[in-house]
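Trainee: my questions concern the predicted model and sequence given below.
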Amino acid sequence: MPISIRPYKSTDASDLQRAVSSSVGHIGPWLDWCTPRYTLKDARAWVNSSIDHWQQGQAFRWAIVGSNDKHILGGVDIYLPVLGQPVGQMGYWVRRDSVGRGICTQAAAQALHWSFDRLGLARVELFVQPDNSSGIAVARKLGAKLQGQQEDQITFNGESRLANHYMVLAKDFELLDLPTAECNAPLSAHDWSANTYFSEYNSIYEFRRRVKIPRA
C-alpha cells in the first residue's frame, strides 16, 4: 500500500482522534495514552505540541497517511534525548485496520532516512517491550540490532517496564533494501529545509539560531 509521512498540521486533530479511538485494543497494551478516554482535546494537544517540538528542534513527529485518501494511518517520531548530540530515539504505531501491510516499516524507514540524511544522526535507538511482537518485528525489518534490555526507558501508567533496546546505525541503514521508494512523498521534499547537520555546530542552540525550522 503506498503511503507517505508528513509533519502534523493543525487540522489533523479530528482524524487523529478517530485513528487512536479505533485502535485502543491494539495499541493500548503498549502505549498508556491510548485509552477509550482519548478525546479530541488530547489529539489537539498532541498536534500542537508536535508543531512546537518541530519548530524547536526537540522532536520530529510525522503522521502516516494514505497516498490516496490522506487519512491518518498512524504515527512515527524521532526524539532527540540529548540536544546537540547525533543520537535519536524512535517510536511508531499504526491503527488496527492498517496492521499487516508493511505500513509501519515503510514509515519508520522514511523517518530514519530523513533523520540520518538531514539531521546527520549517527544512530537511532528503539525501546520495545519484550512481548510486543509487532513492534519488535518492525525494529528487525529496519535492521535494528538488539543491545540488551533496560528497565528505565519505558513507563506505563507511571511504572517502569522492561524494554528491549535496539539500535540502528546510519552506516548500516544505508545498506538496507527497504520499500521507502514506494511512498509518494519522499522526505527530501518535505518541510525541513536545512542542508546542514548537527555535527557542524557546537550546540543545538547554535543550530537553532542559524537554521529556520518552518511550521508544519
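Mentor: Received it, and whenever you're ready, just let me know what you need. Source: prediction; values computed, not measured.
Trainee: for the residue most central in space within the chain, name its beta-bridge partners.
Mentor: Nearest residue to the geometric centre of the chain (C-alpha atoms, centre = their mean): Asp77, 1.9 Å. Taking DSSP bridges as the rule, Asp77 bridges to Arg61, Gly91.
Trainee: mind listing what it touches?
Mentor: Asp77 is in contact with Ser50, Ala59, Phe60, Arg61, Trp62, Met90, Gly91, Tyr92, Ala111, counting by C-beta atoms under 8 Å, 6 or more residues apart in numbering. (Each C-beta comes from the backbone N, C-alpha and C, glycine too.)
Trainee: now, among those, which is nearest to Val82?
Mentor: Top of the list for closeness to Val82, among the contacts of Asp77 and by C-beta to C-beta, is Ala59 at 12.6 Å.
Trainee: who are the contact partners of that closest one?
Mentor: By C-beta under 8 Å, 6+ apart, the neighbours of Ala59 are Ser50, His53, Asp77, Ile78, Tyr79, Leu80.
Trainee: and the nearest residue to the last one once chain neighbours are set aside, what element?
Mentor: For Leu80, the nearest residue in space outside its immediate sequence neighbours is Gly88; the separation is 5.7 Å by C-beta to C-beta, 6 or more residues apart in numbering. Using DSSP states H and E, Gly88 sits within strand 87-94.
Trainee: so Glu125: helix, strand or coil?
Mentor: Classification of Glu125 by DSSP: H, G, I helix; E, B strand; the rest coil places it in strand.
Trainee: quick check: it touching Met90?
Mentor: Yes. In this structure Glu125 lies within contact range of Met90 using C-beta atoms under 8 Å: 7.2 Å.
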